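A.B. asks: Please work out how this folds:
(one chain, ligands or ions: 1)
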Amino acid sequence: MSVAAPAAALRASARDEAAVMDHALALGRRGLGLTWPNPAVGAVVWRPTPQGPLILGHGHTRPTGRPHAETEALKAAGEAARGAVMTVTLEPCSHHGRTPPCAEAIIAAGIARVVTAIEDPDPRVAGRGHAMLRAAGIEVEVGIRARLAFLAHLGHIRRVTEGRPGVFLKLARTADGFAAAEPGRQLMITGPIGSARVHMERAAADAIMVGIGTVLADDPRLTCRLPGLADASPIRVVLDGDLRMPLDSGLVRTARDVPVWVVAAEDAELSREAALRAHAVDVIRVPRKGERIDLGCALGALGERGITRVMSEGGPTLGDALAADGLVDEATLITHETPLGRPGVPAVGPNLAAALADRALFEALPAAVHGPDRFEHFVRTA
Ligand SMILES: NC(=O)c1ccc[n+]([C@@H]2O[C@H](COP(=O)([O-])OP(=O)(O)OC[C@H]3O[C@@H](n4cnc5c(N)ncnc54)[C@H](OP(=O)(O)O)[C@@H]3O)[C@@H](O)[C@H]2O)c1
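C.D. replies: Down below sits the predicted model:
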């Protein structure tokens with residue numbers, strides 16, 4: 001059913017249109033780390049009024065990806081959706097999956113104008129959602145806050161276009177640039193506020209990834225240990241070519257509570273795999289590229305399992321290898337105010353340093369200071 005509504009009456013000022021999209025983006029962020037393999041979308045049903053946008057209903061994609069944001073927002077708005085505007089962070093889906101397409105639900109609800117930030121590059125959608133809406137007589141506008149929406153949906157976009165998750169790299173260093181005092185030893189660098197922020201960012205990831213070097217040195221748990229976010233711990237992934245993962249490590253001991261996936265080389269010992277599997281650790285095999293496992297294949301295997309956002313919390317070796325293969329999408333460097341004061345293990349290797357310094361490759365966002373820690377954030381430009 002098509003709805004004819006006077007277009008001018010459904011338009012707000014550019015500032016208000018952007019503010020509604022910002023609200024939708026904020027709603028979508030609530031689902032980050034929870035909605036995989038689906039994108040974390042936000043949607044708002046509203047009407048312009050002389051006093052500003054009147055919000056009639058809003059929603060975001062629920063855990064595991066269903067219901068979608070659009071159906072949540074329509075449900076909240078009820079009959080008020082008829083003749084109203086829907087602002088949504090990503091093009092509504094047009095294909096029949098576990099539920100009917102959102103574009104159909106929007107048409108059936110009588111929405112008169114749809115505003116989206118970006119087209120969904122998922123080959124099952126790729127412009128068809130917008131086309132379905134237009135064919136039903138709905139006015140469609142695409143492109144408001146497009147860069148922010150691209151970044152918000154980066155994990156989904158990488159997965160549907162390149163078959164791998166988005167990679168968010170985090171590395172902490174002392175004021176003089178070291179990640180550890182000596183190879184294989186742990187050095188606590190980040191202060192309590194900075195650590196809380198890292199834990200919060202873990203909750204927005206589908207998986208946390210480290211190399212086996214970090215497991216052997218730190219025996220980390222890699223869970224999200226903030227009040228209220230204990231259930232938001234992502235899948236824990238260890239890149240471990242030769243299956244050196246100790247059976248008494250904190251990760252293996254807690255694998256029945258929060259999943260642990262170990263990515264190993266195809267030729268790693270079968271008996272080691274069996275021992276890990278007996279402790280509920282999943283083992284994924286990928287080919288080697290030279291001495292080490294192929295990072296592109298490792299990330300591809302995570303993408304195949306539905307992972308859209310990976311936070312890399314590994315050491316300098318993994319960070320530099322990811323940069324060398326062009327696999328870093330965003331990077332956070334945390335610099336503590338205190339120096340180590342003697343030679344140690346440099347946090348940022350040559351490939352990562354070169355990539356982050358290249359302004360054609362990475363944009364540097366304004367730094368944030370949390371107590372003694374300075375957070376520098378770099379975002380890949382394309
Ligand atoms: N400051 C920080 O932010 C931070 C964070 C984490 C750790 N650390 C510290 O860093 C030190 C550990 O450093 P690390 O560099 O050894 O840790 P890492 O980068 O987490 O682990 C390195 C290991 O990952 C494995 N790996 C598998 N595939 C790889 C690939 N394609 N490319 C690179 N590595 C791959 C390699 O072992 P195989 O060849 O056997 O597979 C490699 O030795 C410890 O002292 C730890 O405390 C610091």
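A.B. asks: Low-confidence bits of the stretch 1-150 of the chain, can you list those?
C.D. replies: Within the stretch 1-150 of the chain, the stretches with pLDDT under 70 are 1-7.
A.B. asks: can you give me the helices for it?
C.D. replies: Counting by DSSP state H, counting those that start in this stretch, the stretch 1-150 of the chain has these helices, from start to end: 14-29, 69-77, 102-109, 128-135, 146-152.
A.B. asks: And the stretch 151-300 of the chain, by the same measure?
C.D. replies: Under DSSP H, counting those that start in this stretch, the stretch 151-300 of the chain gives helices at 154-162, 192-203, 212-218, 250-253, 270-278, 295-304.
A.B. asks: by contact count, what packs against the third one?
C.D. replies: Spelled out, it's helix 212-218. Under the contact criterion of 3 or more CB pairs under 8 Å, 6 or more residues apart in numbering; DSSP states H and E, helix 212-218 touches strand 235-239, helix 316-324. For every residue, glycine as well, the C-beta is placed using N, CA and C.
A.B. asks: Do any residues in the longest one lie close to the ligand?
C.D. replies: Yes. For helix 316-324 and the ligand, the contact criterion (CB under 6 Å from any ligand atom) is met by Pro316, Thr317, Leu318, Ala321.
A.B. asks: Identify the residues contacting His130.
C.D. replies: Counting by CB atoms under 8 Å, 6 or more residues apart in numbering, His130 makes contact with Glu91, Val114, Thr116, Glu119, Val140, Val142.
A.B. asks: Let me have those in CSV, extended by neighbour count.
C.D. replies: Below are the contacts of His130 laid out as CSV (neighbours: other CB atoms under 10 Å):
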residue, neighbour count
Glu91, 27
Val114, 25
Thr116, 28
Glu119, 17
Val140, 17
Val142, 14
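A.B. asks: circling back: most tightly packed of the helices and strands packed on helix 212-218?
C.D. replies: With neighbours defined as mean count of other CB atoms under 10 Å, the helices and strands packed on helix 212-218 peak in mean count at strand 235-239, which reaches a mean of 26.
A.B. asks: partners of that one in the sheet?
C.D. replies: With DSSP bridges as the test, strand 235-239 is paired with strand 207-211 (parallel), strand 260-265 (parallel).
A.B. asks: thinking again about what came up before, pick out the most distant pair among the residues of helix 316-324 next to the ligand.
C.D. replies: Using CB to CB, the two most remote members of the residues of helix 316-324 next to the ligand are Pro316 and Ala321, lying 9.5 Å apart.
A.B. asks: from memory Met255 sits against Ala280, does it?
C.D. replies: No, residue 255 isn't Met; it's Ala. Yes. Using CB atoms under 8 Å, Ala255 makes contact with Ala280 at a distance of 4.5 Å.
A.B. asks: Tell me which of the two has more neighbours.
C.D. replies: Using other CB atoms under 10 Å, the more surrounded residue of Ala255 and Ala280 is Ala255, with 20 against 13.
A.B. asks: and that one, what does it touch?
C.D. replies: His279, Ala280, Val281.
A.B. asks: what's the closest of those residues to Glu266?
C.D. replies: Among those, and counting by CB to CB, the member closest to Glu266 is Val281, at 17.5 Å.
A.B. asks: correct me, but the closest one touches Arg256?
C.D. replies: No. If you go by CB under 8 Å, Val281 and Arg256 don't touch, sitting 9.5 Å apart.
A.B. asks: higher neighbour count, those two?
C.D. replies: Legend: neighbour count by other CB under 10 Å for Val281 and Arg256, higher for Val281 (23 against 11).
A.B. asks: Any figure for the gap between the most centrally placed residue in the chain and Ala40?
C.D. replies: Nearest to the mean C-alpha position of the chain, by CA atoms, centre = their mean, lies Arg309 at 3.5 Å. For Arg309, the distance to Ala40 equals 9 Å [CB to CB, to the nearest Å].
A.B. asks: which residues are in contact with both of those two?
C.D. replies: Jointly contacting Arg309 and Ala40 under the rule CB under 8 Å, 6+ apart are Leu32, Gly33.
A.B. asks: Show me which residues of this protein are close to the ligand?
C.D. replies: Neighbours of the ligand within the chain, by CB under 6 Å from any ligand atom: 171-172, 179-180, 184-186, 189, 210-214, 217-218, 239-242, 244, 292-293, 295, 313-318, 321, 347.
A.B. asks: Selection in ChimeraX covering whichever of those are buried, please.
C.D. replies: Buried members of those, defined by 16 or more other CB atoms under 10 Å, are picked up in ChimeraX with:
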select :171,172,179,180,189,210,211,212,213,214,217,218,239,240,241,292,293,295,313,314,315,316,317,318,321,347
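A.B. asks: Show me what Leu54 is bridged to.
C.D. replies: Arg47.
A.B. asks: and if you look at the one 5 residues further on?
C.D. replies: When assigned by DSSP bridges, Gly59 has beta-bridge partners Ala43.
A.B. asks: Glu70 is in contact with that one, correct?
C.D. replies: Yes. At 7.4 Å, Gly59 counts as touching Glu70 under the criterion of CB under 8 Å.
A.B. asks: Now do the shared contacts for those two.
C.D. replies: In contact with both Gly59 and Glu70: Ala43, using CB under 8 Å, 6+ apart.
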